[in-house]
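> Following is a predicted model, sequence given first.
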Amino acid sequence: MITHWEFTCTTDEFNQPESIICIGYDITENEYNHRLIERYLLQINEYLDSVTDGFFTLNINWEFVRINKVFEEIVSLNRKDLLGNSFWNYFKDDPSQPYSTALRNAMENNETVRFEQKWNNDKIYSVTVYPSKEGVICFIRDITESKKNEFELKESELKLKAILNSTVDSNILLDVNKKILNFNRVAKEISQQNFGIDMKVSDDVLQYVPANFFKLFNENFDLVLNGNVIKIEENYNTPNGEIHWYEFLFYPVFDDSNKIIGVVINSTSIEERKKAEFKVVGQYQQLKKIASFQSHELRAPLSNIVLTP
């Protein structure tokens, strides 16, 4: 049992000590609860200091209530200086700063807010602010590396797109279900010219394939999904009745585990080459006719010549 004692001294008429009154209170339960709360708070603080995300809470007066070690490192400030002090004493209430608007929206509108914020050494952090009855709770994660990778990936995609858009070939990337994942400028122009449709990512590619080409297209697509590379020359009728000749190259796309995840279709217009070929074939056929006619004309008079001894 834990007892809290209060002692009171009584005096006589001459103001001299006469007796001592002792009153004891059983505070076992209260003391137990107090110690239990202290232990829980200690465990919470230990847990918060062990997580890799930054963490802090603010009360409705914008004062720091709880801070973990990671947040101290992020802002290069000591929690002893921050606790009990206003957030705005250390961070300017500047509308140009993402945290300024986000924290106020979370606090005043009782809504969860996510934003990105730069802090020391231009590191980039993803911040999530949750409203609570006491104020707001903030979790902060370092996303500098992922943003760098995202930037490099975007830069690579832009370079690749620039290269693909500089060619005269049509280039389309499909997933295994024939959905469009990417395409270049020429592919978009061809879809507009031949079908009157603006090609979009996630479209089914078959809506850009003439009906008379469906069977051949599907057969070649299935062969490529089995690891083959297909190269063909084919003409097809567009919806406006025109006939176009193209050379098609179908080849598979693999992921890091060598699994086929898509198909690239590269097509090149071979109209001029085909015209030249047809012209040569036509000229050859014409020469054969002439040769055959001349041979026939020459044989006729020779057959009438009678040789005499």
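The structure has been received and is ready for your questions.
> For residue 67, give its distance to residue 78.
Per Cβ to Cβ, to the nearest Å, residue 67 is found 9 Å from residue 78. The C-beta positions use only the backbone N, C-alpha and C, and glycine is treated the same way.
> Those two: which is more packed in?
residue 67 (24 against 10; other Cβ atoms under 10 Å).
> Could you verify my assumption that that one touches residue 80?
No - look at residue 67 against residue 80 with Cβ atoms under 8 Å: they stay out of range, at 9.5 Å.
> What would the strand or helix carrying residue 136 look like as PDB? C-alpha coordinates only.
Taking DSSP states H and E as the definition, one finds residue 136 inside strand 135-142. Taking Å, rounded to 0.1, in the frame of the first residue of the first chain, the C-alpha atoms of strand 135-142 are listed here in PDB:
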ATOM      1  CA  GLY A 135      -4.000  19.400 -32.600                       C
ATOM      2  CA  VAL A 136      -2.100  17.700 -35.400                       C
ATOM      3  CA  ILE A 137       0.200  14.700 -35.800                       C
ATOM      4  CA  CYS A 138       3.000  14.800 -38.400                       C
ATOM      5  CA  PHE A 139       5.000  12.000 -40.000                       C
ATOM      6  CA  ILE A 140       8.000  12.900 -42.200                       C
ATOM      7  CA  ARG A 141       9.900  10.600 -44.600                       C
ATOM      8  CA  ASP A 142      13.100  11.200 -46.500                       C
END
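> Sort out which residues of that strand are buried, please.
135-140, 142 (16 or more other Cβ atoms under 10 Å).
> Out of those residues, the closest to residue 172 would be?
residue 142 (38.1 Å; Cβ to Cβ).
> Report the residue spans of the stretch 51-200 of the chain with pLDDT below the cut-off.
By pLDDT under 70, the low-scoring segments of the stretch 51-200 of the chain are 51, 121, 152-166.
> end-to-end on stretch 207-217?
12 Å (Cα to Cα, to the nearest Å).
> For that stretch, the averaged confidence score.
Mean pLDDT, stretch 207-217: 85.
> check contacts around residue 110.
residue 131 (Cβ atoms under 8 Å, 6 or more residues apart in numbering).
> Would you mind finding the longest strand in this protein?
strand 243-254 (DSSP state E).
> residues of the following helix or strand past that strand that come out buried?
Once strand 243-254 ends, the next helix or strand along the chain (criterion: DSSP H and E) is strand 260-269. Using 16+ other Cβ under 10 Å as the test for burial, strand 260-269 gives 262-269.
> For the residues you listed, give me TSV that also has pLDDT and distance to residue 106.
Shown next, in TSV, are those (pLDDT from 0 to 100; distance: Cβ to Cβ, whole Å):
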residue	pLDDT	distance to residue 106
262	89	41
263	91	46
264	90	46
265	90	48
266	89	50
267	85	52
268	84	55
269	79	57
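> And the strands in the stretch 51-200 of the chain, which stretches?
Here the stretch 51-200 of the chain has its strands, by DSSP state E, counting those that start in this stretch, at 54-59, 64-67, 113-119, 123-131, 135-142, 170-175, 180-183.
> Show me what the fourth one pairs with in its sheet, parallel or antiparallel.
Here strand 123-131 is paired, per DSSP bridges, with strand 113-119 (antiparallel), strand 135-142 (antiparallel).
> how about these, which one is nearest residue 55?
Closest of the strands paired with strand 123-131 to residue 55 is strand 135-142, at 5.8 Å (criterion: Cβ to Cβ).
> Now for residue 64, how many residues are close by?
Per other Cβ under 10 Å, the neighbour tally for residue 64 reads 22.
> and the nearest residue to it once chain neighbours are set aside, how many residues sit next to it?
Leaving aside its sequence neighbours, residue 64 sits nearest to residue 82 (Cβ to Cβ, 6 or more residues apart in numbering; 4.5 Å). For residue 82, the neighbour count with other Cβ under 10 Å is 20.
> what's the answer for residue 250, then?
Around residue 250 there are 21 residues (other Cβ under 10 Å).
> Repeat that for residue 95.
Residues near residue 95, counting by other Cβ under 10 Å: 9.
> surely it meets residue 104?
No - look at residue 95 against residue 104 with Cβ under 8 Å: they stay out of range, at 9.6 Å.
> tell me the pLDDT at residue 43?
Residue 43 is given a pLDDT of 58.
> Next one: residue 256 from residue 182, what distance?
19 Å.
> more neighbours, these two?
Neighbours of residue 256 and residue 182, each counted by other Cβ under 10 Å, are more numerous for residue 182; the result is 16 against 6.
> Chain neighbours aside, what residue packs nearest to that one?
Spatial nearest neighbour of residue 182, excluding adjacent residues (Cβ to Cβ, 6+ apart): residue 173 at 4.3 Å.
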